[in-house]
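J.: whatever this is, show me its structure:
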Amino acid sequence: MRFIERDYYKHLMMTNSEEMTESQIDKILDTTSYTWADLTFKFFENGSMTIIDNHTDLQLSLSDLRGAAYDFYVRQRIGMIRANLEAKILQSAS
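T.: The predicted structure follows:
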């Protein structure tokens, strides 16, 4: 699953601002000299995970994540746990 930090902030700005247009948001994001994170998360059934930095092709650890990337990870992990629990509840109800 790919996470592109710039897209995360663009989506956040678009959903929380009725006043700014998409082109205005793009202009704001493009003026920063910040290097946006571009990560690939691979989640496995056994609960393990691999995080790859797409700029460097290096593997990152969970402790390397900050800000929006960490938020993305937490939301994905919670979603997976929820889906797993729902599946187990449905299985035990059968």
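J.: per-residue confidence at the most centrally placed residue in the chain?
T.: Nearest residue to the geometric centre of the chain (CA atoms, centre = their mean): Phe72, 3.1 Å. As predicted, Phe72 sits at a pLDDT of 95.
J.: leaving out the residues flanking it, which one is nearest to it?
T.: Phe3 (4.8 Å; CB to CB, 6 or more residues apart in numbering). Glycine gets a C-beta too; all of them are placed from N, C-alpha and C.
J.: name the element that neighbour belongs to?
T.: Assigned by DSSP states H and E, Phe3 falls within strand 2-4.
J.: give me the average confidence score over that strand.
T.: Here the average pLDDT along strand 2-4 is 97.
J.: starting at the chain centroid, how far to the helix or strand immediately after it in the chain?
T.: Following strand 2-4 in sequence order, the next helix or strand is helix 5-16 (DSSP H and E). Distance of helix 5-16 from its chain centroid, counting by CA atoms, centre = their mean, to the nearest Å, is 12 Å.
J.: now do stretch 28-44
T.: On CA atoms, centre = their mean, the centre of stretch 28-44 falls 9 Å from that of its chain.
J.: CA atoms of it as CSV?
T.: C-alpha atoms of stretch 28-44 as CSV (Å, rounded to 0.1, in the frame of the first residue of the first chain):
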residue,chain,number,x,y,z
ILE,A,28,0.7,26.2,-1.6
LEU,A,29,2.1,22.6,-1.5
ASP,A,30,4.5,23.3,-4.4
THR,A,31,6.0,26.4,-2.8
THR,A,32,7.5,24.4,0.1
SER,A,33,11.0,23.1,-0.2
TYR,A,34,10.0,20.1,1.9
THR,A,35,10.8,16.6,0.7
TRP,A,36,7.6,14.7,0.9
ALA,A,37,7.6,11.1,2.2
ASP,A,38,6.9,8.4,-0.4
LEU,A,39,6.5,5.0,1.3
THR,A,40,5.3,1.6,0.5
PHE,A,41,3.8,-0.4,3.3
LYS,A,42,3.5,-4.2,3.0
PHE,A,43,1.3,-5.7,5.6
PHE,A,44,1.3,-9.5,6.0
